[in-house]
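> Predicted model and sequence follow; I will ask about them next.
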Amino acid sequence: MQAICQNPFCGAEITVLPGHRPRKYCNSRCKSAAFRARKVEAERARLEAEQLAQNAREREALRRRFGDLLPETLDLLQRLSKQNRQLADQIGQAIKAERDQAQHTANEERNALVDEIMLNGEALNLPTILVLEDNGSEVGYEYTLDAGLASWSYGVTVASLERLRLVRDAVHCKMLAAAGRRRLARM
């Protein structure tokens, strides 16, 4: 019966004698070398764990200063801070300001859309609105805003910005249709 030496740098075959305890190493040098290799590997694993912990602490510090950024952005800021801390801080502040402005702008657009939808909806007596969304296929996805104040209020509260834009367009079309009917009635 043959076994293989457990020294990762050896791999020689070991003859196992019947009735004897199976040997793990072909000789005492391989046994010592394997012990040293395990010791080196344990130290490497310890250093890697310390490096990962340090990396996590640095990333968390960046998140606290600049908010929740994409992993790639955190990587860049982390690399930059090792070379030029002041430059990394300036870039981080610029990214944070840009993100905050975009969020503020999105909130303003959302509020304006909700106001426009609700005002126009009230002028139409808050009817049922059917919105066809383009989901990338030939058949559109339907989104229904049921009649009534409660349904409209809830619908615009939970709708995404893109869906609000579609609802605004659908309400606008209803407004145009109502204006057209009023013109026809006057004729």
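Arrived safely, thanks for sending. Numbering: from 1, shown residues only.

> thought Glu142 was touching Ile129?
No. The pair Glu142 / Ile129 is not scored as a contact, 10.7 Å apart, by CB atoms under 8 Å. For glycine as for every other residue, the C-beta is placed from the backbone atoms N, C-alpha and C.

> Show me which of those two is the more surrounded one.
When Glu142 and Ile129 are compared for neighbours, Ile129 comes out ahead with 22 against 9, by other CB atoms under 10 Å.

> Look up the closest residue to the more buried one, ignoring the ones flanking it.
For Ile129, ignoring the flanking residues on the chain, the nearest one in space by CB to CB, 6 or more residues apart in numbering is Leu145 at 4.1 Å.

> What values do phi and psi take at that neighbour?
phi -110, psi 100 (degrees, to the nearest 10).

> Report how many residues lie close to it.
Neighbour count of Leu145, defined by other CB under 10 Å: 23.

> where does it land on pLDDT?
Looking at Leu145, its pLDDT stands at 89.

> quick one: contacts for it?
Contact analysis of Leu145 by CB atoms under 8 Å, 6 or more residues apart in numbering lists Thr128, Ile129, Leu130, Val131, Ser151, Trp152, Gly155, Val156, Val167.

> please redo it, this time with the cut-off set to 10 Å
By CB atoms under 10 Å, 6 or more residues apart in numbering, the contact list for Leu145 reads 117, 121, 126-131, 151-152, 154-156, 159, 163, 167, 170-171.

> Of those residues, grab the buried ones for ChimeraX.
Command for ChimeraX that selects the buried part of the contacts of Leu145, burial taken from 16 or more other CB atoms under 10 Å:
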select :117,121,126,129,131,152,155,156,159,163,167,170,171
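
> low pLDDT regions in the chain?
By pLDDT under 70, the weakly predicted segments of the chain are 1, 134-141.

> Sketch out the helices for it, chain order is fine.
Ranges of helices in the chain, per DSSP state H, are 28-66, 71-83, 85-123, 149-158, 161-186.

> Return the distance of Cys173 relative to Asn120.
Cys173 sits 11 Å away from Asn120, going by CB to CB, to the nearest Å.

> So if I had to pick from these two, which one is more boxed in?
For Cys173 versus Asn120, the count of surrounding residues by other CB under 10 Å is larger for Asn120: 17 against 11.

> Check the contact between the more buried one and Lys174; I expect there is one.
Yes. Asn120 is in contact with Lys174 according to CB atoms under 10 Å; the separation is 7.9 Å.
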